[in-house]
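Colleague: structure for the following, please:
(chains A, B, C and D)
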Protein chains: 2
Amino acid sequence: MKIDAVAQRYQISAPTLRYYERQGLLGPVQRVHGVRDFCQADLDRIDFILCVKQCGMTLKEMKHFIDMYHQGDTTIDERLAVLQHQLSVSQQRQVQLAQSIEHLKTKIGDVRALQAHSQTK
Amino acid sequence: MKIDAVAQRYQISAPTLRYYERQGLLGPVQRVHGVRDFCQADLDRIDFILCVKQCGMTLKEMKHFIDMYHQGDTTIDERLAVLQHQLSVSQQRQVQLAQSIEHLKTKIGDVRALQAHSQTK
DNA sequence: CCTTGACTTAAAGTATACTTCAAGGCGTAA
DNA sequence: TTACGCCTTGAAGTATACTTTAAGTCAAGG
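Modeller: Sure, this is the predicted structure:
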């Protein structure tokens, strides 16, 4: 799979994919005549990156995680700890987001009341 | 209320509060002998800023919103539209976050299985 | 009176995550 | 063979949101 197809599939730009590879999050992706050809493992990796990115993990943290992954079984405990920590952080964010959304709804209600008032003047 | 007290109360740094004022999100906050003295309106504003920030609004967007607020009643419709748009964006993020959290839980399960396996070897 | 500590300013620096640019290579259709 | 389109590279540029630094002010306590 070439870079543009991958970019389309995951809704990210081709330069971003190249950037991820440069940062060591990906590959090195195999080249055919110098052109990247993403294999299933690369796609799975992108899937992982996008997932933990959504969960709030930074590229630096991902790099650390991936480096541990390449070091093999001895790092399983730490990798598990990192993922569990990230889960807990994400769940906190989830709660905070829910609160802020409720807060925002209240503020919208306030503005709506003001709007109704100004229209009846 | 002086800047350090406000900073402590909202768990943000004093330089960040000064930065927000410089960006036009706050005040100008009243000074007593050159020292900022935050009034209730300022605190309410900070509350608003932190809420919409949690919801994913950028400082630029907040600035736009606050500028409209200062322009008065004629901007109510647009302000309401901005807040409703932000609500919808935040709710989308909430859904995506929930999905990514589930995804992450699955990945944690996978690693845990691997871990159990390597221990029984 | 003088030191201390908390505040002030403007400006420069940092971190994160990309994006854009300039110059160029490769393979296929005309 | 030449033009087209998609790909390549390294390096520089951008956006966002702060943080840090340097130099200085001011009121209160010893």
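Colleague: who does the lowest-mean-pLDDT helix or strand in chain A pair up with?
Modeller: Taking mean pLDDT, DSSP states H and E as the measure, chain A has strand A:31-32 as its least confident helix or strand, at a mean of 89. Sheet pairing of strand A:31-32 (DSSP bridges) gives strand A:35-36 (antiparallel).
Colleague: residues in contact with the residue nearest the centre of chain A?
Modeller: For chain A, the residue nearest the mean C-alpha position is A:Lys53 (1.9 Å; Cα atoms, centre = their mean). Counting by Cβ atoms under 8 Å, 6 or more residues apart in numbering or on different chains, A:Lys53 touches A:Met62. Yep, even glycine has a C-beta here, placed from its N, CA and C like the rest.
Colleague: element containing it, please.
Modeller: Taking DSSP states H and E as the criterion, A:Lys53 maps to helix A:40-54.
Colleague: A:Leu114 too?
Modeller: helix A:76-120.
Colleague: need the residues of chain A near DNA strand C, please.
Modeller: With Cβ under 7 Å from any atom of the strand as the criterion, chain A meets DNA strand C at residues A:12-13, A:15-16, A:19, A:33-34, A:53, A:58-60.
Colleague: now, of those residues, which are buried?
Modeller: With burial judged by 16 or more other Cβ atoms under 10 Å in any protein chain shown, the buried subset of the residues of chain A next to DNA strand C is A:12, A:53.
Colleague: also near DNA strand D: which of the residues of chain A next to DNA strand C, exactly?
Modeller: Near DNA strand D, by the rule Cβ under 7 Å from any atom of the strand, you find A:Gly34 out of the residues of chain A next to DNA strand C.
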